[in-house]
Each structure stands twice: as C-alpha cells, then as structure tokens.
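Colleague: Following is a predicted model, sequence given first.
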Amino acid sequence: MATLPSVLVTGASTGIGAAYADRFARRGHDLVLVARNRKRMEALAARLRQETGVAVDIVEADLTQADELAVVEARLRDDAHIGILINNAGTAIGGSFIEQSTDVVTRLLALNTTAMLRLCSAVAPRFAQAGEGAIINVGSVVGLAPEFAMTVYGATKAFALFLSQGLGIELGPKGVYVQAVLPAATRTEIWEHAGADVNSMTGVMEVDDLVDAALVGFDRREAVTIPPLPDVEQWNAYQAARQAILPNTRQDQAAARYRTTD
Ligand SMILES: NC(=O)C1=CN([C@@H]2O[C@H](COP(=O)(O)OP(=O)(O)OC[C@H]3O[C@@H](n4cnc5c(N)ncnc54)[C@H](OP(=O)(O)O)[C@@H]3O)[C@@H](O)[C@H]2O)C=CC1
Ligand SMILES: N[C@@H](C=O)C(=O)O
C-alpha cells in the first residue's frame, strides 16, 4: 500500500489548525505540528498518537521570527515525507487602521502573509520536482470585503487568496494542488485576539464543521473553497466578472471617461 504523505500544519495548537491535524491523522497521515504553544501541541499529539496511531512531530516556532520561521522552511525543503503543507497560522487584530500601531500591523503581515509566502516558497520547488504535493492556504471571506473595515487583516487574506490562485495556475500543470480556504466566522480563540465576543455573534460555524467542509473541497481539488457559501454560482459569477475586466484594460488610450481633452 502506498505510504501517505506527512502533513505539516502551521497554527496547529488550537482552532482550525488543530482540527486539520485531527482530521488528517484520522485519514492516516503522519503530522508535523507547528505553533508557539508546545504544551498544547504535546497534548494534541498524545491524543492523536493514541487515537490514530500516526506519528506526530512537534516544531515549536514563532513564525513572526525569521530564525524560527527558517527552521520550518528547512523542514519543508528537506523532509521528503511531507507532501501536504497547511498554511493556517494567523491572527486578527482589533481596532481601526489609525488605532493600530505600525509595529502591530507589521507583525500581522509577518504572520499572515510573510510566513505563508516563505513556507510556500520553501516547499513548492520540491513538490514541483516530485510532480506531486498539496498546499492549503487558509484565507478568509474578509479578504473579499473591504467593507468589513478589517483593512490590514483583510489585506493579508486577499494576499492569501491571490497567492493561492496564482500558485494553483503555475503549479497545477506540475502536479501540485493549491487550495485557498475561505472560512467566515468560525468559533475559535481568534475572536478574543480581535477583541470580539464570538459568543455574542450569530452565524458562527463550529471548527470541526468548517474543516470537514474544507476537506470536501480538498478532496474535490477545488481551487477556492468557501465552506459557508451555499451557492457556488455566486463565486463563479464573481470570478467571471473579474476575468471579463481584464481584456478591456489592454488599451493604448485612457478611457474616454478619464479624458479631459475631448
Ligand atoms: N476563526 C475564524 O472566524 C476565521 C479564521 N480564519 C483564519 O484561520 C486561521 C486559523 O485561525 P483560528 O484557528 O481561527 O485562530 P486561533 O487563534 O484559534 O489559532 C491560531 C493558531 O495560529 C497559531 N499562531 C498564532 N500566532 C503565531 C505565531 N506568531 N507563530 C506561530 N503560530 C502562531 C496559534 O498557536 P500558538 O498561539 O500556540 O502560536 C494557533 O495555533 C487564521 O489564518 C485565520 O485568519 C479565517 C476566517 C475565519
Ligand atoms: N478571523 C475572522 C476575523 O477576525 C475572520 O477572518 O472572519
């Protein structure tokens, strides 16, 4: 029987990442868990080893710190058993843009954007060379919604979506699958970090339901999976409208609506 690839999950100590670790362990995949909280990861690893028999390795790393991120990059480059990367680690911040310090937004980018990019960059050449592999990038519907006024967080999630779509186009022909997962509100600790009370909210998905739905999209090899969205045709129409703009931008003159000399 073919050996299943190992799965490296970032942000695996709790929330969506811990749920991904549980589900892939139950599918028989060995795991590499990455986060800062070793105690939480050790408890999860012990449970999954006992319940599923898979091997679970732990890498304690703060992905906003270049030297610690580099350890995970090296593991992805060098460990040929890892065939699936789940870029899940991320956080949200509260307040308005002018209330958020430059350091806080820079650290948010470091986690939600730079770490995701660097880990994709570390693993993609090996996956492409092997002609197989999968990358799951966890974005957010907030990345589609400047109206939500979670501007920097949403920008990091828009980056995650674009990165995933672009890598899917570039790497798909090389046998590498890239999935962008766009959750909406899901019951995890992130809301505390964003200064919100998730228990006062409606329309909040449970984390296991979110991940189970995202895995349906993974198994279908969807490029973009939006677990809470009932009608996929809304997404398809959005994509079609976006793509219809592109050929109309190849012009040698500014659009008449911007010409003042007529
Ligand atoms: N919950 C929601 O409503 C939604 C979440 N998302 C996205 O889902 C992903 C997971 O979030 P969620 O599970 O909700 O959040 P949680 O806060 O529950 O979990 C975040 C995970 O990321 C890890 N993490 C945080 N900071 C760092 C860091 N500096 N270095 C390494 N790991 C870190 C945490 O572990 P530790 O503290 O141990 O380091 C934890 O395992 C995020 O990318 C988020 O943007 C998207 C849409 C909706
Ligand atoms: N993490 C949530 C916002 O804080 C979301 O992406 O919906």
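Modeller: Yes, it's here. Ligands and ions are numbered 1, 2, ... in the order given.
Colleague: Tell me the residues of the stretch 101-250 of the chain that contact ligand 2?
Modeller: Ser140, Val142, Ala184, Ala185, Ile190, Ala194 (C-beta under 6 Å from any ligand atom). All C-beta atoms are positioned from the backbone trio N, CA, C, and that covers glycine.
Colleague: Of these, grab the buried ones for PyMOL.
Modeller: Buried residues within these, by 16 or more other C-beta atoms under 10 Å, are selected in PyMOL with:
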select buried, resi 140+142+184+185+190
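Colleague: Near ligand 1, list only the ones from the residues of the stretch 101-250 of the chain next to ligand 2.
Modeller: Okay, of those touching ligand 1 (C-beta under 6 Å from any ligand atom), that's Ser140, Ala185, Ile190.
Colleague: will you turn those into JSON lines that also has pLDDT, distance to Ala124 and secondary structure?
Modeller: Listed next are those as JSON lines, based on pLDDT from 0 to 100; distance: C-beta to C-beta, whole Å; DSSP: H, G, I helix; E, B strand; the rest coil:
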{"residue": "Ser140", "pLDDT": "98", "distance to Ala124": "22", "secondary structure": "coil"}
{"residue": "Ala185", "pLDDT": "97", "distance to Ala124": "31", "secondary structure": "coil"}
{"residue": "Ile190", "pLDDT": "97", "distance to Ala124": "27", "secondary structure": "helix"}
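Colleague: between these, which is closest to ligand 2?
Modeller: Among these, Ser140 lies closest to ligand 2 (C-beta to the nearest ligand atom), at 3.3 Å.
Colleague: Contacts only, for the nearest residue to the closest one once chain neighbours are set aside.
Modeller: Closest residue to Ser140 apart from its sequence neighbours, by C-beta to C-beta, 6 or more residues apart in numbering: Lys157 at 4.1 Å. Shown in contact with Lys157 (C-beta atoms under 8 Å, 6 or more residues apart in numbering): Asn112, Gly139, Ser140, Val142, Gly143, Leu182.
Colleague: Strands of the stretch 51-200 of the chain, start to end?
Modeller: Along the stretch 51-200 of the chain, the stretches classed as strands by DSSP state E, counting those that start in this stretch are 56-60, 82-87, 134-138, 177-181.
Colleague: any chance of those in JSON lines, with mean neighbour count and mean pLDDT too?
Modeller: Listed next are the strands of the stretch 51-200 of the chain as JSON lines, based on neighbours: other C-beta atoms under 10 Å; pLDDT from 0 to 100:
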{"stretch": "strand 56-60", "mean neighbour count": "18", "mean pLDDT": "98"}
{"stretch": "strand 82-87", "mean neighbour count": "25", "mean pLDDT": "99"}
{"stretch": "strand 134-138", "mean neighbour count": "24", "mean pLDDT": "99"}
{"stretch": "strand 177-181", "mean neighbour count": "25", "mean pLDDT": "99"}
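Colleague: Adding distance to ligand 1, write these out as JSON lines.
Modeller: Below are those laid out as JSON lines (distance: least, C-beta to the nearest ligand atom, whole Å):
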{"stretch": "strand 56-60", "distance to ligand 1": "8"}
{"stretch": "strand 82-87", "distance to ligand 1": "8"}
{"stretch": "strand 134-138", "distance to ligand 1": "4"}
{"stretch": "strand 177-181", "distance to ligand 1": "8"}
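Colleague: among those strands, which is nearest Gly217?
Modeller: strand 177-181 (6.6 Å; C-beta to C-beta).
Colleague: Pull up the pairing partners for the closest one, direction included.
Modeller: Strand 177-181 pairs in its sheet with strand 134-138 (parallel), strand 224-225 (parallel), by DSSP bridges.
Colleague: gap between the longest one and the chain center?
Modeller: If I follow you right, that is strand 134-138. Distance, stretch centre to chain centre, for strand 134-138: 6 Å (C-alpha atoms, centre = their mean, to the nearest Å).
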